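>>> below: sequence and its predicted model.
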Amino acid sequence: MTPLKNDLLLRALRGEPVPRPPVWMMRQAGRYLPQFRALRERYDFFTRVETPELAAEITLQPIDLMGVDAAIIFSDILVIPQALGITVTMDEGKGPRLSPVIRTPDDLAHLAMPDVADRLSYVYQALRLTQSGLAGRVPLIGFAGAPWTLLAYMVEGQGSKDYARAKAFLYQYPEAAHRLLTTITDLTVAYLNHQLRAGADLVQVFDSWAGLLSPADFATYSLPYLARLVAEVEGPVILFARGAWHSLPELAATGASALGVGSELTPAFARRQTEGSTTLQGNLDPALLYAPIPTIVRETRAMVEAFGAQRYIANLGHGILPDVPVDHARAFIETVQSYG
């Protein structure tokens, strides 16, 4: 692998001194870029995901166009349900649909048990192609969905405001829920380790629906599986348990290299809750990128000052919104990169 010219992200994850925080954006390879939209017009979503050359091209776009300090592979968290034999379709603007859904313990018997080395080989090929295209410019991030979030999609069958069916599954069939969560975790550990071997420098785990669980349910149905991922994945792991801010101390105790934090909490609160024990990542409100550029500059500087430059990765509190002006996103990145 080519030596890294910009290793700020990896140094921040290790807690080493850095001259400024690294910066990247969740969903940075996405719809706000005209070059991404051009490819979207020609290829459907999963064609882009499953064609290594396209996935690599999309991953490299924000590096070439925006100058961020890390790349994140273009893929989707729902490739694990697909590997389990569930059909996933993605309608632009409508979100995913999964079939068949899991509604009873008997439905678990219909899941395939794949060899993720083979079944998801297109992701690893995309990582290798991306590393070649990066030529050591910045680190490459792999990712996967958290077990609870994937279970929620597999039970619900689509996006939902409250995932009531998924939560009901936990309460009605707790033993089956833990069996499914264990299966997802086993596959995800293998999947993330294959990503690291294929060229990812680190991985991020997205628990997008963590905030829908009560603190007690999060401690039962999400946290133990996140802890297993951190313990068994053979490289740095960033955990982003969106909305589970009540459990920041417990998340820090997993030993994750960094924790993503959302816009709903202050940097001071996040630092207090984690007692400075881990690197934090976040947390500018993505909607702020619609503001005039001077406002973006002011708020970004204030965010970095509040977190402090050390043990910190500048990012948004969630994914960049699809119609943010490119120059506004660039103002956010350049403000962080000019810090200090």
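Looks like it arrived, so ask away.
>>> give me the number of neighbouring residues for residue 215.
Residue 215 has 12 neighbours, counted by other CB atoms under 10 Å. For glycine as for every other residue, the C-beta is placed from the backbone atoms N, C-alpha and C.
>>> give me every residue that touches it.
Residue 215 makes contacts with 244, 246-247, as judged by CB atoms under 8 Å, 6 or more residues apart in numbering.
>>> tabulate those in TSV, adding columns for secondary structure, distance to residue 36 and neighbour count.
Shown next, in TSV, are the contacts of residue 215 (DSSP: H, G, I helix; E, B strand; the rest coil; distance: CB to CB, whole Å; neighbours: other CB atoms under 10 Å):
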residue	secondary structure	distance to residue 36	neighbour count
244	coil	30	26
246	helix	35	16
247	helix	34	20
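>>> could these be laid out in TSV, adding distance to residue 206 and pLDDT?
Converted to TSV, those look like this (distance: CB to CB, whole Å; pLDDT from 0 to 100):
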residue	distance to residue 206	pLDDT
244	12	98
246	18	97
247	16	98
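>>> show the contacting residues for residue 146.
Here residue 146 is in contact with 205-208, 210, 222, 225-226, 229, 241 (CB under 8 Å, 6+ apart).
>>> out of the residues you listed, give me the one that has the most neighbours.
residue 241 (30 neighbours).
>>> can you pull the contacts of that residue?
146, 207, 210-211, 218, 222, 226, 247, 251, 259-260.
>>> quick one: it from residue 223, how far?
Residue 241 sits 8 Å away from residue 223, going by CB to CB, to the nearest Å.
>>> for those two, list the residues in contact with both.
Common neighbours of residue 241 and residue 223 (CB under 8 Å, 6+ apart) are 247, 251.
>>> stretch 67-75: which residues count as buried?
Neighbour-count burial for stretch 67-75, counted by 16 or more other CB atoms under 10 Å, picks out 68-75.
>>> tell me which residue of this protein is furthest from the middle?
residue 106 (30.9 Å; CA atoms, centre = their mean).
>>> so where do the helices sit in the stretch 51-200 of the chain?
Taking DSSP state H, counting those that start in this stretch to define them, one finds helices in the stretch 51-200 of the chain at 52-66, 79-83, 116-119, 121-134, 147-156, 164-172, 174-198.
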